[in-house]
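> fold the following.
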Amino acid sequence: MKYLTIAALLLPTPLIAHDYTVGGLQIIHPAAGATAPTAQAGAGYFQIVNKGDQPDRLIGVTADFPRVMIHTTQMDGDIARMVHLDAVDIPAGETVTFAPGGLHVMFMGLNGDPFETGESFDAVLVFETAGDVPVTFHVEDINDLADHNNH
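Numbering: from 1, shown residues only. Here you go, the predicted structure:
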């Protein structure tokens with residue numbers, strides 16, 4: 001019995017890894033960073049791997065928030081500023097990473113309901129070719145999201 005328990009712990013499970021696949025696209029580990037209690041917005045992160053031979057584009061994200069937008073971070077000297085993007089290209093055979101300090105999804109209008117570690121919420125990633133992909137964002141400590149490539 002002891003060996004079965006150890007073996008079960010070593011196997012990846014859907015409870016630990018939350019990836020989504022549609023066609024040649026794989027969405028890896030959608031997560032959002034926990035926010036301060038007074039925050040009006042939170043950010044979401046994930047990776048998109050295009051294992052197919054055709055490019056696609058992420059053209060939107062929908063969720064139950066007043067506004068949801070795709071952003072990137074640009075540096076202007078020592079000042080980081082967010083820039084709205086209408087779409088993000090997902091080239092064939094490439095991985096696009098949404099991570100702190102770079103591409104991210106902004107969920108705006110939290111209105112006193114902060115993202116708390118352990119919570120989750122549903123969203124839909126909208127692709128030009130692959131269409132709508134429902135995903136669940138799990139809220140994690142922002143420090144755990146700094147190196148998103150380990151997921």
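
> contact partners for the residue lying closest to Phe127 once chain neighbours are set aside?
Using CB to CB, 6 or more residues apart in numbering and skipping residues adjacent in sequence, the residue nearest Phe127 is Asp56, 5.1 Å away. Bear in mind the C-beta positions are built from the backbone N, C-alpha and C, glycine included. Residues in contact with Asp56 (CB atoms under 8 Å, 6 or more residues apart in numbering) are 25, 50, 90, 127-130.

> redo those residues as CSV? Include pLDDT.
What follows is those, written out as CSV (pLDDT from 0 to 100):
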residue, pLDDT
Leu25, 97
Asn50, 98
Ile90, 98
Phe127, 98
Glu128, 97
Thr129, 96
Ala130, 96
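
> so, low pLDDT: which residues of this structure?
1-17, 146-151 (pLDDT under 70).

> for it, just list every one of the helices.
2-10 (DSSP state H).

> can you show me the strands along it?
19-22, 25-33, 41-50, 56-63, 67-76, 79-85, 88-90, 95-98, 104-108, 120-127, 131-140 (DSSP state E).
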